[in-house]
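J.: quick one: sequence plus predicted model below, questions after.
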Amino acid sequence: MDDPERMRTFFESVRECVDLLPTLLTQYRRDADAFDETVDRIDAIESRCDSLVRGLRHELVTGEAPDPSAGGTLQLLDDADRIVSRAERFAKELAAISPELPVPADGTLLDLARTASEATALFVGAVDEELLGRSGEQLSGRCQRVRTLERKCDERKYELLDRLFHDPRVDDPLLLKDLVTTFDEIPNAVEDAADRLLYVRRRTPPIDVE
C-alpha cells in the first residue's frame with residue numbers, strides 16, 4: 001500500500017468515534033448543547049471514515065502491484081467502518097427518540113460505552129502494531145480480550161433488559177430495548193473486526209511504513 005498513513009488515520013478515526021460515546025451519554029439530558037455538538041462530531045467522523053475507506057478501497061483495487069491479500073484487507077476496512085456507522089446510528093437514534101432513561105439504564109449504557117471504547121482501542125492498537133508492522137506477537141491475546149469485553153457487554157445488556165421489563169416505573173421498555181439493542185451492535189462490530197484482523201494478519205505481511 002502506497003499510503004499506510006491514510007489507513008492509520010482511518011483506524012484512529014474509528015477509535016475517536018467510539019471514544020465519544022461515554023461523553024455522549026454523560027451529556028445526555030444534562031447538557032443539551034454539548035450533547036448536540038457531540039452527535040455532530042460523531043456524524044462528521046463517520047463521513048470522514050466513509051471518505052477514507054473509499055480512497056483506501058480504490059488504492060487497494062487499482063494499485064500497480066497485485067496484492068493477493070487485498071480481499072481480506074478490504075473486508076477488514078468494511079468491518080471497521082461498520083463500527084463507526086453503528087456508533088453514528090446509536091447517537092442519532094438517541095438524539096431523535098430522546099427517551100427518559102431510568103437510573104439503571106443510564107448508568108449501564110455509560111458502562112457499556114466505556115467497555116466498547118476499551119475494546120475498540122484494543123482493536124485499533126492491534127491494527128497499528130500488527131497489520132502496519134510494529135509487532136507481531138500478541139494479536140491472538142488482544143483479539144481474545146476484545147471477545148471477553150464483548151461478552152461482558154452482552155451480560156450487562158441482558159441484565160439491563162431484565163430490569164427494564166420488570167421495573168414498573170419504566171413506561172416503555174420496548175422502546176428502551178430497541179435502543180439498547182442498537183447500542184449492542186457496536187461491540188458486536190468491534191468483535192467482528194477483531195476476528196477479521198486475526199484472519200487477515202495470518203495471511204498478510206506487514207505494510208511497509210518506511
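T.: The structure has been received and is ready for your questions.

J.: spatially nearest residue to the most centrally placed residue in the chain, not counting backbone neighbours?
T.: The centre of the chain sits closest to Ile83, judged by C-alpha atoms, centre = their mean, with a distance of 3.5 Å. Residue nearest to Ile83 in three dimensions, not counting chain neighbours: Ala189, with 4.5 Å by C-beta to C-beta, 6 or more residues apart in numbering. Placement of C-beta: from N, CA and C, glycine included.

J.: quick one: contacts for the one you found?
T.: Contacts for Ala189 (C-beta atoms under 8 Å, 6 or more residues apart in numbering) come out as Asp79, Arg82, Ile83, Arg86.

J.: ok, those vs Ala70, which is closest?
T.: Asp79 (14.8 Å; C-beta to C-beta).

J.: any idea whether Pro99 is helix, strand or coil?
T.: What DSSP: H, G, I helix; E, B strand; the rest coil gives for Pro99 is coil.

J.: and the closest residue to it other than its chain neighbours, how far is that from Arg57?
T.: Spatial nearest neighbour of Pro99, chain neighbours left out: Leu175 (5.7 Å); criterion: C-beta to C-beta, 6+ apart. Using C-beta to C-beta, to the nearest Å, we find Leu175 at a distance of 37 Å from Arg57.
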